[in-house]
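In: All I have is the shape, not the residue letters:
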């Protein structure tokens, strides 16, 4: 099975305001996008499990013209709290690199 790191040329995460995180998957090409963007491993339920959030709040934005999938979900805690470890959410994508896709 292919992993995210194998089919995406770039994966990044970033803050989407103080309450949300967005993860962008830049697929290698249109074929990789069509084959993997709708994988159950990138579903709202999968993100809910990985990031301990409500699947009903996970938003998916496929952008076929760019071979990109954007996924947004609420942060566990608002940005900037006392125990903040990733203020800009720049490290949140790492746990997805080894996710196996269909």
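Out: Arrived safely, thanks for sending. For clarity, every value in this text was computed on a predicted model and none was experimentally measured.

In: switch to C-alpha atoms for all contacts and neighbour counts from now on
Out: Fine.

In: would you list every one of the helices in the chain?
Out: Taking DSSP state H as the criterion, the chain carries its helices at 4-7, 30-36, 44-51.

In: Present those helices as TSV; the columns should include mean neighbour count and distance to residue 88.
Out: Formatted as TSV, the entries for those read as follows, by neighbours: other C-alpha atoms under 10 Å; distance: least, C-alpha to C-alpha, whole Å:
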stretch	mean neighbour count	distance to residue 88
helix 4-7	19	22
helix 30-36	16	27
helix 44-51	16	16
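
In: Now that we have those helices, can you turn them into a markdown table and tack on mean pLDDT?
Out: Compiled in a markdown table, the helices of the chain are given as follows (pLDDT from 0 to 100):
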| stretch | mean pLDDT |
| --- | --- |
| helix 4-7 | 97 |
| helix 30-36 | 97 |
| helix 44-51 | 96 |
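
In: so can I have JSON lines of the ones you listed showing distance to residue 102?
Out: What follows is the helices of the chain, written out as JSON lines (distance: least, C-alpha to C-alpha, whole Å):
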{"stretch": "helix 4-7", "distance to residue 102": "10"}
{"stretch": "helix 30-36", "distance to residue 102": "7"}
{"stretch": "helix 44-51", "distance to residue 102": "13"}
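
In: Go through these and name the closest to residue 16.
Out: In this view, the helices of the chain are compared for proximity to residue 16 by C-alpha to C-alpha, and helix 44-51 is the closest at 15.3 Å.

In: And residue 77, what's its pLDDT?
Out: Note for residue 77: predicted pLDDT of 77.

In: coming back round to it: would you mind telling me which of the helices of the chain is nearest residue 19?
Out: That would be helix 44-51 among the helices of the chain, by C-alpha to C-alpha, at 13.5 Å.

In: So which of the helices of the chain is nearest residue 92?
Out: If you check each of the helices of the chain against residue 92 by C-alpha to C-alpha, helix 44-51 wins as the nearest, at 9.0 Å.
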